[in-house]
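J.: A predicted structure for the sequence below; I have some questions about it.
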Amino acid sequence: QVQLVESGGGLVQAGGSLRLSCAASGDTFSSYHMVWFRQAPGKDREFVSGISMSGVSTSYADSVKGRSTISRDNAKNTVILQMNSLKSEDTAVYYCAARRWEMRTSAQSYPYWGQGTQVTVSS
């Protein structure tokens, strides 16, 4: 099993940037694909970005493509989501999640979750 803890959320003005971090502990971090989801009030949890175990492959939702960069440091057991040019519609609780097998965009596919970090973008 792997335990995940997110940090880095906060209140930011539209057009600003945030750097979300997810620290993992427990099992071998490099054995997991890592992804970020987000959930806005009244909406389903949606895929934001993912990175493969080695870090070679990345994936982004269309809504954040070109504005966000995901990276990981397997030596530090950390995955980072750098978000730029933030918009009010980016306001949500952001969660990191982990999965051993192929990376998927469905939240139901992920057995391990952090507690989430709130991102609020003011317009």
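T.: Great, that's in hand.

J.: Grab the most central residue of this protein for me.
T.: Residue closest to the average C-alpha location in the chain (Cα atoms, centre = their mean): Trp36, at 2.3 Å.

J.: And that one, how close does it get to Lys43?
T.: Computed as Cβ to Cβ, to the nearest Å, the Trp36 to Lys43 distance reads 15 Å. Every residue, glycine included, has its C-beta placed from N, CA and C.

J.: which other residues reach stretch 8-19?
T.: Here stretch 8-19 makes contact (Cβ atoms under 8 Å, 6 or more residues apart in numbering) with 20-21, 80-88, 93-94, 117-123.

J.: just checking, which of these belong to strands?
T.: 20-21, 80-83, 93-94, 117-122 (DSSP state E).

J.: Beyond the helix or strand hosting the residue nearest to the centre of the chain, next helix or strand please.
T.: If you go by DSSP states H and E, Trp36 is part of strand 33-39. Sequence-wise, the next helix or strand downstream of strand 33-39 (DSSP H and E) is strand 46-51.
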